[in-house]
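>>> sequence unknown, structure follows:
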């Protein structure tokens with residue numbers, strides 16, 4: 001078995017052939033920006049492509065939200081950066097997600113347990129399948 005990647009703001013479990021990535025930043029409603037979740041997701045997708053033991057990847061969020069997308073509290077400060085720095089931040093940050101998901105070689109399922117807002121909704125829509133709880137929005 002390929003060793004699980006080291007993650008900062010999420011956990012990854014492999015149960016049988018089902019890998020489950022769970023976001024663990026409920027303090028910011030699993031925001032993708034101003035956390036390490038983008039890197040955790042990209043690292044997990046790369047791991048899934050190299051792990052012959054995983055046949056599917058489920059992505060979900062712990063706590064009250066699947067993902068709030070961008071962290072609104074930090075967006076104001078980030079928007080004050082010069083345009084070229086802002087562009088670089090997007091390219092090396094959240095814009096890595098669609099590229100990595102496009103390269104994913106196993107099916108992906110978004111298990112939406114709460115709010116999926118902005119880029120969080122985009123992430124759910126980029127997965128091959130979405131399953132929503134009655135608390136999803």
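Okay, I see it. Fair warning: this is a prediction, and the values are worked out from it, not measured in the lab.
>>> C-alpha only now, for contacts and for neighbours.
Fine.
>>> in the longest helix along the chain, what's buried?
The longest helix of the chain (DSSP state H) is helix 37-50. By neighbour count on 16 or more other CA atoms under 10 Å, the buried set for helix 37-50 is 37-48.
>>> and it, how far out from the chain middle?
The chain centre lies 9 Å from the centre of helix 37-50; the measure is CA atoms, centre = their mean, to the nearest Å.
>>> what helices or strands is that helix leaning on?
Applying 3 or more CA pairs under 8 Å, 6 or more residues apart in numbering; DSSP states H and E, we find helix 37-50 packed against strand 10-15, strand 18-23, helix 96-103.
>>> for the chain, name the helix or strand with the lowest mean pLDDT.
helix 72-78 (a mean of 71; mean pLDDT, DSSP states H and E).
>>> flag every buried residue along the strand or helix carrying residue 123.
Here residue 123 sits within helix 119-126, counting by DSSP states H and E. Buried residues in helix 119-126, counted by 16+ other CA under 10 Å: 119-121, 123-124, 126.
>>> distance to residue 83 for those - can I get that in JSON lines?
Below are those laid out as JSON lines (distance: CA to CA, whole Å):
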{"residue": "119", "distance to residue 83": "20"}
{"residue": "120", "distance to residue 83": "24"}
{"residue": "121", "distance to residue 83": "25"}
{"residue": "123", "distance to residue 83": "25"}
{"residue": "124", "distance to residue 83": "28"}
{"residue": "126", "distance to residue 83": "27"}
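>>> rewinding a little: list the contacts of the helix holding residue 123.
Contact with helix 119-126 is made by 31-32, 66-70, 97-98, 101, 109-110, 112, 116, 130, as judged by CA atoms under 8 Å, 6 or more residues apart in numbering.
>>> how does it look with 6 Å?
67-69, 110 (CA atoms under 6 Å, 6 or more residues apart in numbering).
>>> filter those residues down to the ones in strands?
67, 110 (DSSP state E).
>>> most neighbours of all the contacts of helix 119-126, which one?
Among these, residue 67 has the most neighbours (other CA atoms under 10 Å), with 33 neighbours.
>>> which residues does that residue contact?
29-31, 116, 120.
>>> out of these, who's nearest residue 86?
Taking CA to CA as the measure, residue 31 is the one of the contacts of residue 67 closest to residue 86, at 18.0 Å.
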